[in-house]
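Student: Give the three-dimensional model of this entry:
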Amino acid sequence: MRRDLNPKHTIIWTARYPSRARRSRKRFCALVGVGGNIGNVKRAFDRLFARLLNDGAIDIVKTSPLLKNPDFAASDTPPYLNAVMLIKTNLPPFALLGRLRSVENRFGRTRPYKNAPRTIDLDMIFFETKRSYNPKLLLPHPKWSERISAVLPTLLLQGTI
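Tutor: Residues are numbered from 1 along each chain as shown. Sure thing, here's the model as predicted:
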């Protein structure tokens, strides 16, 4: 199912986005932003969901629907699909960051330059109520509240809209 919000933004519901997965006994909650604009992004999101379901360190609690939206940094790149996942984990923040980077690498993520198009992008938006000012991990994710690609999926996940 699709719903056009305006000419640039579309909400897309798929079999796994949104979803509610199993309950978890893991200790920490984190909100992870998911994005991509290279290749078959819907298929990559489905593969990501399956990959994380099989990861013993991460439990998917809930996902948002997908949001199709233009690149905020460049107009000549393909549109993005974005979503957020509420996860639970026993990993501390830097270990979770390492796990997310490892998953990105498995999906062929490269970083030729800042804000380059990508196969998959996993951003830790929140980790509990922790704050981090380390250049390798800024929490909450900087400028998340200024990007519709993070705000709208988060509101949809919460059922606010």
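Student: count of residues packed around the closest residue to residue 132 other than its chain neighbours?
Tutor: Of all residues not flanking residue 132 in the chain, residue 139 sits nearest, at 4.1 Å (CB to CB, 6 or more residues apart in numbering). (Glycine included, C-beta is placed from N, CA and C.) By the measure other CB atoms under 10 Å, the count of residues near residue 139 is 19.
Student: How about residue 118?
Tutor: So residue 118, with other CB under 10 Å, has 23 neighbours.
Student: Residue 25 now?
Tutor: With other CB under 10 Å as criterion, residue 25 counts 8.
Student: tell me what the worst-scoring helix or strand of the chain on mean pLDDT is packed against?
Tutor: Sorted by mean pLDDT, DSSP states H and E, the helices and strands of the chain end with strand 19-20, the least confident at a mean of 86. Strand 19-20 is packed against strand 58-63, with contacts defined by 3 or more CB pairs under 8 Å, 6 or more residues apart in numbering; DSSP states H and E.
Student: List the contacts of the strand it packs on.
Tutor: Strand 58-63 has contacts (CB atoms under 8 Å, 6 or more residues apart in numbering) with 16-24, 26, 29, 49, 52-53, 83-89, 91, 96, 99, 157.
Student: average pLDDT across that strand?
Tutor: Averaged over strand 58-63, pLDDT sits at 94.
Student: try stretch 151-159
Tutor: pLDDT averaged over stretch 151-159 gives 93.
Student: Tell me the buried residues in that stretch?
Tutor: For stretch 151-159, a neighbour-count test (16 or more other CB atoms under 10 Å) marks 152, 153, 154, 156, 157 as buried.
Student: now the residues you listed as CSV including distance to residue 33?
Tutor: Compiled in CSV, the buried residues of stretch 151-159 are given as follows (distance: CB to CB, whole Å):
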residue, distance to residue 33
152, 11
153, 8
154, 9
156, 13
157, 11
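Student: Could you measure from residue 57 over to residue 100?
Tutor: Using CB to CB, to the nearest Å, residue 57 is found at 11 Å from residue 100.
Student: More neighbours: the two, which one.
Tutor: It is residue 100, of residue 57 and residue 100, that has more neighbours when counted by other CB under 10 Å, with 22 against 14.
Student: which element is the more buried one on?
Tutor: Element membership for residue 100 (DSSP states H and E) is helix 93-106.
Student: How about the contacts made by residue 96?
Tutor: So residue 96 contacts 28, 30, 57, 58, 89, 124, 127 (CB under 8 Å, 6+ apart).
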